[in-house]
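Peer 1: 3D, please:
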Amino acid sequence: MHLLPAHSYRLASVNVPFMRAIQRTSLAVMCSAASLFITSMPALALPSDSSQAITLEADRATYNEKTGITTYTGNVVIQQGTIKIQADSLVANLNKNRQIEQITAKGRPAKFQQQISSDKGIARGEGQTIVYNAETGIMSMTGKAYLFQDGASFRGNTLRYSISAGDVEASGGNQGRIQIIIPPSATQNQTKAKSK
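Peer 2: As a prediction, the model looks like this:
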């Protein structure tokens, strides 16, 4: 396991050949894990997001080459364009090809935001734990989970958000019921679309 002191890392957008070249050092692998996470979501964000620099800040970072697990702790902030993740800790699991398999962010709460398209506002979500599965594109928020976009909001113990499809599944669990708020403009637009 490699330990690094507190630093702020700034990365440019990364292409695959460059990623292979920098995997020789621990710092490069940890930085590439952050960039892989952000760049694993390019079709889900504004096109301009993928051309922006990636900024990663944390108090501490560790990388275990044997397990492919990178851990960032202490006021973790990852940002690229409109994509922003804030957490107390963030763990990135890489597969054997050194690609992001899963990201787990924990906080009080852990937060993310992203503008998916220019005609929609920024989507914001939070939960005590946020897990992003890169293969399925599903972001699961648990523990006082909340998701907000364009005036609509979802609250529950667990929210599963398909970033590519925009689908949301909410569960109250033992914590009680879920709450969904749909703004009047959204229901009026649906009524107009049905009457055409």
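
Peer 1: residues near the residue lying closest to residue 49 once chain neighbours are set aside, how many?
Peer 2: Spatial nearest neighbour of residue 49, excluding adjacent residues (C-beta to C-beta, 6 or more residues apart in numbering): residue 81 at 3.2 Å. The way it works is simple: take the backbone N, C-alpha and C, and place the C-beta from them, glycine included. Residue 81: 19 surrounding residues under other C-beta atoms under 10 Å.

Peer 1: repeat for residue 67
Peer 2: 10.

Peer 1: Ramachandran angles for it?
Peer 2: Phi and psi for residue 67, reported as degrees, to the nearest 10, are phi -90, psi -20.

Peer 1: next one: the one 4 residues further on
Peer 2: The phi and psi torsions at residue 71 (degrees, to the nearest 10) take the values phi -120, psi 130.

Peer 1: what bridges to it?
Peer 2: residue 62, residue 91 (DSSP bridges).

Peer 1: Go ahead and confirm it touches residue 88.
Peer 2: No. Contact criterion C-beta atoms under 8 Å: residue 71 and residue 88 do not qualify, at 11.5 Å.

Peer 1: and residue 176, how far is that from residue 159?
Peer 2: From residue 176 over to residue 159 the distance is 14 Å, taken as C-beta to C-beta, to the nearest Å.

Peer 1: Which of the two has more residues huddled nearby?
Peer 2: More neighbours surround residue 159 than the other of residue 176 and residue 159, with 23 against 9 (other C-beta under 10 Å).

Peer 1: what's the helix or strand that the more buried one is a member of packed up against?
Peer 2: For residue 159, the host element (DSSP states H and E) is strand 152-162. Applying 3 or more C-beta pairs under 8 Å, 6 or more residues apart in numbering; DSSP states H and E, one finds that strand 152-162 contacts strand 123-133, strand 138-149, strand 168-171, strand 179-181.

Peer 1: Report the angle between that strand and strand 123-133.
Peer 2: Orientation check (axes from the mean of the first three to the mean of the last three C-alpha atoms, to 10 degrees): strand 152-162 against strand 123-133 gives 20 degrees.
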